[in-house]
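Colleague: Predicted model follows, preceded by the sequence.
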Amino acid sequence: MGRATQTFSALLLTLALASCVTVRPQDRAVLADPVMQFEGDPQQAAAVRHAIENREGSMGGAGVAGGGCGCN
């Protein structure tokens, strides 16, 4: 039991240390690119929002509670 625990602890420590990195300043610009955001492409986000508004029969209300049904 002790050997398995040591092996698991060593593996966990190795994974934890491997996930820590320092990002160089010149690489931060690439990571902060708007394409990396959830709604990185404004045209695509607008098209999806338009489709949802048509399907739900409501306008606006994106990001807030409630919709157009009056159920909240």
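Modeller: Alright, I've got the coordinates. Not measured: the values here are computed from a predicted model.
Colleague: Okay, helices next: where are they in this structure?
Modeller: 2-18, 25-31, 42-56 (DSSP state H).
Colleague: most neighbours per residue, which of the ones you listed?
Modeller: Ranked by mean neighbour count, those are led by helix 42-56 with a mean of 11 (mean count of other C-beta atoms under 10 Å). (C-beta placed from N, C-alpha, C; glycine too.)
Colleague: tell me which strands and helices that helix is in contact with?
Modeller: Helix 42-56 is packed against no helix or strand, with contacts defined by 3 or more C-beta pairs under 8 Å, 6 or more residues apart in numbering; DSSP states H and E.
Colleague: coming back round to it: export the helices of the chain to JSON lines and tack on mean pLDDT?
Modeller: As requested, the helices of the chain are exported to JSON lines (pLDDT from 0 to 100):
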{"stretch": "helix 2-18", "mean pLDDT": "88"}
{"stretch": "helix 25-31", "mean pLDDT": "80"}
{"stretch": "helix 42-56", "mean pLDDT": "82"}
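Colleague: how close does Asp33 get to Asp41?
Modeller: Between Asp33 and Asp41 the computed distance is 11 Å (C-beta to C-beta, to the nearest Å).
Colleague: What of Leu15?
Modeller: Distance from Leu15 to Asp41, by C-beta to C-beta: 33 Å.
Colleague: Ok, His50 next?
Modeller: In terms of C-beta to C-beta, His50 sits 14 Å off from Asp41.
Colleague: go on, Glu53?
Modeller: 18 Å.
Colleague: what does Asn54 give?
Modeller: 20 Å.
Colleague: again, but for Ala4
Modeller: 48 Å.
Colleague: can you check Arg55 too?
Modeller: For Arg55, the distance to Asp41 - C-beta to C-beta - is 20 Å.
Colleague: and what of Gly57?
Modeller: 25 Å.
Colleague: Look at these two and report which has more neighbours.
Modeller: More crowded of Gly57 and Asp41, by other C-beta atoms under 10 Å: Asp41, with 12 against 9.
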